Each structure stands twice: as C-alpha cells, then as structure tokens.
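Trainee: coordinates only, no sequence provided:
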C-alpha cells in the first residue's frame, strides 16, 4: 500500500491536487493523506502522549498500513512546511523504519523546492526510510495546473518517470 | 530587544530551561517565547488567514518588537521540531527580515543537533536573517542539566562565548 | 562489482583502512579505489578535457565497471574532502547514473561526519545514484582502529549491518 | 582587504568574469584569486605537509592578508566545485577564523546553485566565518554575460545590493 501525503494543511493546496494525480495514476494500491485532515490541535494533543483515537486511527490507516510513501512537498519559507515535520514528530519512528519513499517538490519560485527536498530526504534517511533519487521539482507550480489538473507536459513526464522508477525501487 | 525562543512545545523541555538560562545571563534586554504557549490550534487557525487576537499579540510582542533572536533547538527525528517551522510559517516573513539570530542545539545523542542547526540556518538566511556562526551543540543534554540549571562547565563556557559574540554581531 | 572508494588522498588514512576492511568482508565481488592513487594533477589535467590515459583507465576500471559504490568519507573542515568531489567532477555524470551507493563517515570529533554524509548524499541523488539510508558514523575513529584493523565492536556491528542491507538494496 | 575567490579552475570560467566584476565595483580594497592559478598538484603537494613556497605565498597574500572573502561558486554536479573545497582543505583553518564572507551562486540550470551555496555556508560557519545572508543566485548564467561583462539588469541589481550589504556587515 502506498500512502500519498499532501504535505500541507493549506485549504485548496496544489499539493493536494498533485496527490490526487498520483493516486489516480500510480499502478499500485494507494490512498491519500492530506494534512488538512489532521486534528486541529494534534501538535499539542497527539505529539508527546498517547494520542487521541482520531489521530491514532489516521496513523494506523495511513502510516502503519503503508510500506511506501509519496510526499508532496511545497516550499514554505525556503523549507518544507512545519506541519509536515510536526506530523512526523507525532508518529512513532518505528512506523517508518525500513519503508520506502518518493518525493515531489512544488514551488512558486524557480528552485522547485530543492532545499525542502534535500532537507526532508535527510530526515527520512534518519528514520531508516529509503528515498528514491528521482525527485521532480515543479517550479512555478501555479502555471502547471489548470482546473485541478496537471497540464504541463514536462511535469507529467517527470512524474510518470518517477512512478515507474518507484514501482521498481 | 532579544527574544529567546524555546523551539518546542514539549512540557518541561530542556529547551525551556536553556532559554531561561539565556534570559538570565544575556546582557541585553531579553524575553522568552516558549512554543508551548502558542494557541493549541495555531497551525490551522493562525497560519493562512488573519490570525487570532491571541496569536497576533504573541507575534507582535515577541517577533515584531525584537531585533535579535536566540533559537534553542532540540533534535526531533534528526531535524528541528516541526512546530518551530510551523510557527515560522505562521508569521509574515517581513517580520524577520534584516534581523539577527543565534542558535543553540540540544540532543540526547552524540551530534548535538548539528543537522537541525544547519537546516534551520538555511531557513533563516532565506528569511534575510543574519545567523551567528557560533552555534553551541549540546550533546547528551540530559546530563548537562540538574534541577533546571545548566551545570556543565564546557556547555556554560560555550554559551557564554556565544552570548559575548552575539552582543557584538 | 562494488568499488570501495577511500575518499581522501592523505597518506596512511583511516579511510583506506576501512576500505580494506570492506573489501575483505563484503560478500560481493569488490575492489578498492584510494584517491591517493589518482594522477597528482588530475584536477587540472583530467577534469575539463579528454583526460589522460592513466586517469581514464582508473575511471574505466573503477567507475564504469562498477554498479555499486561504497564511499568512505572522512570529515575535513566540517565537510567531505574536496578531492572526493573533485574526482566526481572529473568523471562524466552518466557513469554514475542508475547505480547504487552506501556511505560510511569517519571523524575525529563527535559528529561522525554527519554533515559530510548528508551533503554527499545530496550530490549522489543529483547524479541519479540510489543511496542506502544506513550510513554508519564512526566518531573518534582513531580509537576504533588498532594496527590497521577495526577493533571496535559497535563499529564492526554497524558496518556488518550495512554490508547486509547493501547486498539487498 | 577583500579577496574575491573565483571558485573553479575551469579555463575562461564565468566565475572569473563575475569575480572581475566584483573587483571593479566593490568600494573596499580588493583582489582576485582564481583557482586556476593554484599549483597544478596542490591537492597532493600542498595539503598535508608544509606546502610549497608558491602555494604558501598565495595563501599568505590572498587568505592571511584578507579579512573578508567573496566566493563566486558555480554549480558542478549539484554541489560546489571539488577544487574549491580542496583549496580550503589545504589552508590552515585558523586563517579563516573570525573573518567574513559573501557568496554568489552561478548555474546553467534553474536553481542558481542554491545547494552549493547552502552546503558551502555550512562549511564556512564551521570555520568560524560569518556569512552574509544575501546570496545572489544567478540561474542560466550564460545568458547574463556578454563579452565578459555582466549585462543582466536583475543580476546587476542583486550584486550591487549584496556589495552594499557586505560593506556594512
């Protein structure tokens, strides 16, 4: 099972649109976790103690039950969104160990979220997650999406290549 | 005004103890912001819109009114705590521009939060914040603190040297 | 074929000793490339043009003919040795594409070459090389080696675990 | 005295052209060090022992005698050029301590050498060098230079802003 994680809680995010694209086209069984669906106070309520039933159900369904992850990571202030790391911090590390991940970067600017991808790869390696080297960087992402669909040929080609590589990784 | 930011919301954190140490010994006017005092749902309520009165007051008092910051950064999963970046993401970037920062890393393990310090320095440079090169790395931090006081001579020396350098930076 | 690269040209380096350890214990066919055996002026003579016969033979034998690499990386000035990246810069990138790598860090200090490992992993991902997440960090490396042999139990265990994981990667 | 370091030995590099631009427009006393002028075997001859007279004279004139550095850093294989770090490795660290640096990134691609700038900033912080947060990223650098002159208005504006900030840093 692949869980595709839209790495922000921003309403109507491009990350969620790209996550839905992946969910449609990835050949393996897959599901989406959008961080906007986390409990609104999980950073306080679910991080240092036992966690609420609601939060633990999400972790069980979307993290424990998956052996592969695709992280859709927008650039916020030159890094990955804080909420993405806050979610990681609220999950027991053993639930990531020895699993696999692919990453996609989104940015308004010209760098395609390069730094967030680098920094998050380091975190995943720390968590004993194998990280696919192919990490599409979608710069100027607003121009690549129209009516919730990814319309840019180069971006589509990068993502399809990544899907292909990830299925063999 | 220096704001010393304890970079986690974990109850009874070592970060808060180190922040209090700094607040006591730094020669300039200073105050502490502990992330445990943020509104519990700020990641959802105060990040993409106008922000609550409570959150905006904290930003005004602790960020807008400060020209220097000391970030106390514990290592969580090989990186900085997600909540620290989530807080940055909820503040308008212009409130950091052209200000100055010093960083301290805390870890249970042997690396002294080296990676969190590196990654957070990159974020601060992105936000046009000047970052002091001296960044004490406190490994095995549990052993350096006793009854809420920093008791380790080497750690004290590193922090005092940093305080001295930061006052001239 | 695995090529084990001792990432420095320092005479009598610990990196070379660790490379020899790997060469002895790795179950797959393997060979060592120690950077001290590169032509002394390769950074000028072999980097931007066609390369000397001597240099090209090394690249052919040790890079083109290998499908896996183990990089032994000591920490120099908080990063990987410049000569290691200079060697990468002198080899055509296509000779690394779609291959696999494992990394080991060595340091005199306490961080076990964490930053060099992170930074070099980014470079390898750029070169389309898959990088094993398990990257042993050998801090205080001088104390782990005696008479050219690795004698530390914890280090031996880390390296054996890495060898095992890399053979399945 | 500012030393402007063209961070590659590639003949006719854009880095050298940008270094010459800086040398002409920076208001403080300045000089250029282009790495192509290093002894061709310095990585072997001058790195681990006492160093040749020729190499030591360069270090004395260009590093010891300077209190500020501007590093012009092209992107090679997703990182800074190996020769730049090899040069750092051949100089005693104390010759960098407590000095100041500004960085400029050059790339053919779209990221403006973001990763090389991040990684090299970490190295400089390790060497106790203060690093200016403003680091112009010149993407598609070939299009910004004509007949050895920087002709792009945006690039000129970024560099002039950096020169201004660095003189007050």
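Mentor: Sure, I can see it. Model, not experiment: these values are computed from the prediction.

Trainee: contacts, neighbours, all on C-alpha from now
Mentor: OK.

Trainee: which helix or strand contains the residue positioned nearest the centre of chain A?
Mentor: A centroid search over chain A (C-alpha atoms, centre = their mean) returns residue A:71, at 1.9 Å, as the residue closest to the centre. Secondary structure assigned from DSSP states H and E places residue A:71 in strand A:68-74.

Trainee: hmm, that strand touching chain D?
Mentor: No - on the criterion C-alpha under 8 Å from any C-alpha of the partner chain, strand A:68-74 is out of touch with chain D, staying 15.6 Å away.

Trainee: what are the contacting residues of that strand?
Mentor: Contacts of strand A:68-74 with the rest of the structure, by C-alpha atoms under 8 Å, 6 or more residues apart in numbering or on different chains, involve A:1-8, A:15-16, A:18-19, A:80-81, A:99-107, A:113, A:116-117.

Trainee: going through these, which ones are buried?
Mentor: When burial is judged by neighbour count using 16 or more other C-alpha atoms under 10 Å in any protein chain shown, the buried members of those are A:2-8, A:15-16, A:18-19, A:80-81, A:99-107, A:113, A:116-117.

Trainee: and the nearest residue to residue A:26 once chain neighbours are set aside, helix, strand or coil?
Mentor: The shortest distance from residue A:26 to any non-neighbouring residue, by C-alpha to C-alpha, 6 or more residues apart in numbering or on different chains, is to residue A:163 (6.2 Å). The three-state label for residue A:163, taken from DSSP: H, G, I helix; E, B strand; the rest coil, comes out as helix.

Trainee: give me the pLDDT for the residue of chain A found nearest chain D.
Mentor: As assessed by C-alpha to the nearest C-alpha, chain D sits closest to residue A:111 within chain A, at 4.6 Å. Confidence per residue is given as pLDDT, and for residue A:111 that number is 92.

Trainee: okay but it is in contact with residue D:111, surely?
Mentor: Yes - with contact defined as C-alpha atoms under 8 Å, residue A:111 reaches residue D:111; the gap is 4.6 Å.

Trainee: and the gap between the residue of chain A closest to chain D and chain C?
Mentor: Here the criterion is C-alpha to the nearest C-alpha, to the nearest Å. By it, residue A:111 lies 14 Å from chain C.

Trainee: and that residue, what does it touch?
Mentor: When contacts are counted by C-alpha under 8 Å, 6+ apart, residue A:111 touches A:137, A:139, D:110-112, D:114.

Trainee: mind giving me the ChimeraX select for the residues you listed, buried ones only?
Mentor: What follows is the ChimeraX syntax for the buried subset of the contacts of residue A:111, where burial is set by 16+ other C-alpha under 10 Å:
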select /A:137,139 /D:110,111,112,114
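
Trainee: nearest to chain B among the contacts of residue A:111?
Mentor: Using C-alpha to the nearest C-alpha, the shortest approach to chain B within those belongs to residue D:114, at 10.3 Å.

Trainee: for that closest one, give me its contacts.
Mentor: By C-alpha under 8 Å, 6+ apart, residue D:114 lies in contact with A:111, A:115, D:105, D:137.

Trainee: in helices only, show me the residues you listed.
Mentor: residue A:115 (DSSP state H).

Trainee: with respect to residue C:155, which of the contacts of residue D:114 is nearest?
Mentor: Among those, residue A:115 lies closest to residue C:155 (C-alpha to C-alpha), at 31.4 Å.

Trainee: what about that closest one, neighbour count?
Mentor: Burial measure for residue A:115: 22 neighbouring residues, criterion other C-alpha atoms under 10 Å in any protein chain shown.

Trainee: what's across from the closest residue in space to it that isn't next to it in sequence in the sheet?
Mentor: Closest residue to residue A:115 in three dimensions, ignoring its sequence neighbours and counting by C-alpha to C-alpha, 6+ apart: residue A:79, at 6.1 Å. Applying DSSP bridges to residue A:79 gives these bridge partners: residue A:76.

Trainee: how about residue A:137?
Mentor: residue A:105.

Trainee: show me what contacts it?
Mentor: Taking C-alpha under 8 Å, 6+ apart as the definition of contact, the neighbours of residue A:137 are A:104-107, A:111-114.

Trainee: repeat that for residue A:59.
Mentor: The contact partners of residue A:59, by C-alpha under 8 Å, 6+ apart, come to residue A:91.

Trainee: and it, how far is that from residue A:81?
Mentor: To residue A:81, residue A:59 is 19 Å away according to C-alpha to C-alpha, to the nearest Å.

Trainee: got the contacts of residue A:111 as JSON lines, with distance to residue C:133 columns?
Mentor: Conversion of these to JSON lines gives the following (distance: C-alpha to C-alpha, whole Å):
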{"residue": "A:137", "distance to residue C:133": "22"}
{"residue": "A:139", "distance to residue C:133": "27"}
{"residue": "D:110", "distance to residue C:133": "28"}
{"residue": "D:111", "distance to residue C:133": "25"}
{"residue": "D:112", "distance to residue C:133": "28"}
{"residue": "D:114", "distance to residue C:133": "24"}
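
Trainee: host element of residue A:103?
Mentor: Assigning secondary structure by DSSP H and E places residue A:103 in strand A:100-106.

Trainee: residues in contact with that strand?
Mentor: A:15, A:67-75, A:112-114, A:116-117, A:129-141, A:162, A:166.

Trainee: same thing but at 6 Å, please
Mentor: Judged by C-alpha atoms under 6 Å, 6 or more residues apart in numbering or on different chains, the contacts made with strand A:100-106 from elsewhere in the structure are A:68-74, A:112-113, A:129-132, A:135-138.

Trainee: chain A: strands as residue ranges?
Mentor: A:2-6, A:30-34, A:68-74, A:100-106, A:130-131, A:137-138, A:145-146, A:149-150 (DSSP state E).

Trainee: picking that back up, check the residue nearest to residue A:115 and give its pLDDT.
Mentor: So, for residue A:79, pLDDT stands at 98.

Trainee: contact partners for residue A:162?
Mentor: When contacts are taken as C-alpha under 6 Å, 6+ apart, residue A:162 is in contact with no other residue.

Trainee: residues near the residue lying closest to residue A:36 once chain neighbours are set aside, how many?
Mentor: Counting by C-alpha to C-alpha, 6+ apart, residue A:9 is the residue found nearest to residue A:36 once chain neighbours are left out, at 3.7 Å. Residue A:9 has 22 neighbours, counted by other C-alpha under 10 Å.

Trainee: kindly report the same for residue A:93.
Mentor: 13.

Trainee: and chain A, which residues reach chain B?
Mentor: Proximity of chain A to chain B is confined to A:40-41, A:44, A:78, A:82-83, A:85-86, A:123, A:126 under the rule C-alpha under 6 Å from any C-alpha of the partner chain.

Trainee: most surrounded residue in those residues?
Mentor: Going by other C-alpha under 10 Å, residue A:83 tops the residues of chain A next to chain B with 27 neighbours.

Trainee: give me the beta-bridge partners of residue A:3?
Mentor: In this structure, residue A:3 has the following beta-bridge partners (DSSP bridges): residue A:31, residue A:69.
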